[in-house]
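*Asks:* I need the structure of the sequence given here:
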Amino acid sequence: MSGDAPPAAVGSAPDSLPELLARYSEGAPPVGTAGAAVTIVLRSGPREVEVLLIERAESDTDPASGQVGLPGGHVDDADSSLARTALRELREEVGLEPSDLTGPPRFVETKLAARFRLKVAIFVGELAPGRGSPSPASKEEVAHVFWMPRSALARAKQVPRDTPLGWIEVTATVHDGHILWGFTRRVLRDFFGFPPEDELGGLPFAPHA
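*Replies:* As a prediction, this is how the structure comes out:
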C-alpha cells in the first residue's frame, strides 16, 4: 500500500488479505471471556476482499429470524475454548472445516451484543484457495450464504427494522437484497476501519442456547 490515505469506500484497514490477517496474533485466544463466538471469513474476490455472511432461516423461535450475520453462535459446554466454538459453528452453519481455512482463526476482539447482554468473541480467518464455496449446512438455521465486498459497507440506507423500540428506521447496508445492520455491520465496519456511525444497537446476532 502507498502512504496515501485509503479511499473512504474501503475504510482505513489494509487492502490485502495477508495484511488484514497480520494485524492479529496467531496466539491462543482468551478463554471464558465471552458467551458466544463468530468468525469473519475472508477471501480475495475479483476486485477486492470479500466477507462471508449468512442469512438466518425464518423461525418463530429465533429472535434473529431472517437476519444477516456472521457464522457463529453460543458457547457449548463441550467447547474447550472460544476458538473451538468458532470452528464448531463454521462447520454446523456453513460446512467449513479447519482444513478449509489457511490457518487457525485469529482472535480479533470481544464485543458486547447489547440487546442480549452477551459478550461475543470475534475471530478472523481466510478461506483456503481452491476450496469450494460454503453453503448452508443446516437449512433449519441458515437460509442463504453469500459473499459481500468490503466496499459495500460504505453504502448506508435507512431501512425499517423490528427493534426493541418497535419498527423504526435503522442504518443498514443492502447488498443483493440482503439487509445488514446492527451488531454485525458495526463489527465489520470496525474491522475494515470505517468511521463509527450513530445507529441503534441492533439484532443481527442471536446465540442459540
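
*Asks:* Would you check how far apart the residue nearest the centre of the chain and Leu153 are?
*Replies:* Central residue of the chain (CA atoms, centre = their mean): Leu70, 3.2 Å from the mean position. From Leu70 across to Leu153, the span is 13 Å (CB to CB, to the nearest Å). Using the backbone N, CA and C atoms, a C-beta is placed for each residue, glycine as well.

*Asks:* now Thr173
*Replies:* With distances taken as CB to CB, Thr173 is found 6 Å from Leu153.

*Asks:* got it, and Pro98?
*Replies:* 27 Å.

*Asks:* Between these two, which is the more surrounded one?
*Replies:* More neighbours surround Leu153 than the other of Pro98 and Leu153, with 21 against 14 (other CB atoms under 10 Å).

*Asks:* So Leu21 is in contact with Val108, correct?
*Replies:* No: assessed by CB atoms under 8 Å, Leu21 is found out of contact with Val108, at 10.1 Å.

*Asks:* hey, what's in contact with both of the two?
*Replies:* Jointly contacting Leu21 and Val108 under the rule CB atoms under 8 Å, 6 or more residues apart in numbering are Val124.

*Asks:* So Arg88: helix, strand or coil?
*Replies:* helix (DSSP: H, G, I helix; E, B strand; the rest coil).

*Asks:* For the closest residue to it other than its chain neighbours, the count of nearby residues, please.
*Replies:* Of all residues not flanking Arg88 in the chain, Asp79 sits nearest, at 6.5 Å (CB to CB, 6 or more residues apart in numbering). For Asp79, the neighbour count with other CB under 10 Å is 17.
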